[in-house]
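Q: Next come a sequence and a model predicted from it.
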Amino acid sequence: MSDASLHASETGTGDAGFRDYFALLKPRVMSLVVFTALVGLLAAPGSVHPIVGFAAILFIAVGGGASGALNMWWDADIDRIMKRTQGRPIPMGKITEGEAYAFGIALAGFSVVMLGLATNLFAGALLAFTIFFYVVVYSMWLKRSTPQNIVIGGAAGAFPPMIGWAAVTGDVSLESILMFALIFMWTPPHFWALALFMKSDYHKADVPMLTVTHGRRATRTHILVYTVLLAPLAIGIGFTSIGGPFYLAVAVVLNALFLKGAWDIWRRDEAVAEADSYRIEKKVFRLSLIYLFAHFAAIWAQTMLNEAGLGGWG
């Protein structure tokens, strides 16, 4: 990045528009937050008024966006270095770090208070803890201090279905913990597959991703181990109150594909992978995105089947 661009990213150009502020919210990440929170809300026993349910998902989304804005504020220095993030609003000079911080704090406070008022105090407190965990525990502490950053920090992305569940029930249950665990165990192989073909970015930014600290061979082994541990958890959800035959069939197919992908990654020789432009690694990364969305879509579909008396274990 040129000196002029660096100066602009620190001072801002003053011409930020709606799209720039929306980009601060990490909309692609937010889509996952919204969807998993919605499934948690719909799968929970009991019900809420549709307007209350809509408000709950809206405020959870705003809270997720607040986390994204505060993460970009804190990571502005490395975002300027990493090729994958140089197009974000702060490195591009559209928004200053101070503006991003103020925006994130305002959204965080608004989302927590409004979710608590719209649903219950427990759901609001859980959202507040999620924002704190992502910004402080993951972004400020773990991300730059340990190769286990994505393992522990992945909990932040796993809370939304628990918050959606809590918005209905006011508490946590085994089922909401299992939805949390599904995302928590999925996160490491998902991000490590990305890190395998984005290693140079993390090297340049001095972020201790597993590929940087332990190498690609160890990362491939970790992906396989976590995927092997993830599969029985994901399939086991099929035998709980939020599962059923439809979910189980989907989970078996998805986990067979994901295990095959992890095995293919583990078997890779690094020289071959690089010559192949990490084609398999990129394929498994894309599969991991489908994997999570499809599991939660299956939970949603199974919930509707169970409520209609058509799809449960009887």
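A: Received it, and whenever you're ready, just let me know what you need.

Q: how close does residue 279 get to residue 197?
A: According to C-beta to C-beta, to the nearest Å, residue 279 stands 9 Å off from residue 197. The C-beta positions use only the backbone N, C-alpha and C, and glycine is treated the same way.

Q: more neighbours, the two?
A: Ranked by neighbour count (other C-beta atoms under 10 Å), residue 279 and residue 197 place residue 197 first, with 19 against 11.

Q: Could you measure from the closest residue in space to residue 296 that isn't next to it in sequence over to residue 68?
A: In space, and not counting its chain neighbours, residue 296 is closest to residue 39: 4.5 Å by C-beta to C-beta, 6 or more residues apart in numbering. Counting by C-beta to C-beta, the separation of residue 39 from residue 68 is 20 Å.

Q: just residue 36 next, same as before
A: For residue 36, the distance to residue 68 - C-beta to C-beta - is 15 Å.

Q: cool, residue 78 as well?
A: Taking C-beta to C-beta as the measure, residue 78 falls 15 Å from residue 68.

Q: Show me which of the two is the more surrounded one.
A: Taking other C-beta under 10 Å, residue 78 and residue 68 do not tie; residue 68 has more neighbours (25 against 18).

Q: Report the secondary structure state of the more buried one.
A: helix (DSSP: H, G, I helix; E, B strand; the rest coil).

Q: Hmm, it is touching residue 24, no?
A: Yes - if you go by C-beta atoms under 8 Å, residue 68 and residue 24 touch, sitting 6.4 Å apart.

Q: Could you give the average pLDDT over stretch 267-287?
A: For stretch 267-287, the mean pLDDT works out to 92.

Q: Report how far apart the opening and closing residues of it are.
A: Length of stretch 267-287, first residue to last, C-alpha to C-alpha, to the nearest Å: 18 Å.

Q: Buried residues in it, which are they?
A: Neighbour counts over stretch 267-287 (16 or more other C-beta atoms under 10 Å) mark 268, 273, 278, 280, 281, 284, 285, 287 as buried.

Q: now that stretch, how far from the chain's geometric center?
A: Taking C-alpha atoms, centre = their mean, to the nearest Å, one finds the center of stretch 267-287 at 23 Å from the center of the full chain.

Q: hmm, who's touching that stretch?
A: 190, 193-194, 196-197, 216-217, 220, 223, 257-258, 261-262, 264-265 (C-beta atoms under 8 Å, 6 or more residues apart in numbering).

Q: Check these for the minimum pLDDT and say which it is.
A: When the contacts of stretch 267-287 are compared by pLDDT, residue 197 scores lowest at 87.

Q: contacting residues around that one?
A: 277, 278, 281, 282, 285.

Q: Nearest to residue 121 among those residues?
A: Lowest distance from residue 121 to the contacts of residue 197 (C-beta to C-beta) belongs to residue 285, with 38.5 Å.

Q: which SSE is that closest one in?
A: Using DSSP states H and E, residue 285 maps to helix 279-307.

Q: Also residue 16?
A: In this structure, residue 16 sits in neither a helix nor a strand according to DSSP H and E.

Q: Same question for residue 53.
A: Residue 53 belongs to helix 50-74, assigned by DSSP H and E.

Q: and that helix, how far from the chain's centre?
A: 13 Å.

Q: next helix or strand past that helix?
A: By DSSP H and E, the next helix or strand past helix 50-74 is helix 76-79.

Q: And the contacts of that next one?
A: Contacts of helix 76-79 (C-beta under 8 Å, 6+ apart): 9, 72, 85, 86, 88, 90, 91, 97, 100, 205, 206, 207.

Q: Between all of the residues you listed, which two are at the greatest distance?
A: Largest separation among the contacts of helix 76-79 by C-beta to C-beta: 100 and 206, giving 21.7 Å.

Q: neighbour-wise, which of these two wins?
A: Using other C-beta under 10 Å as the criterion, residue 100 and residue 206 rank with residue 100 on top: 27 against 10.
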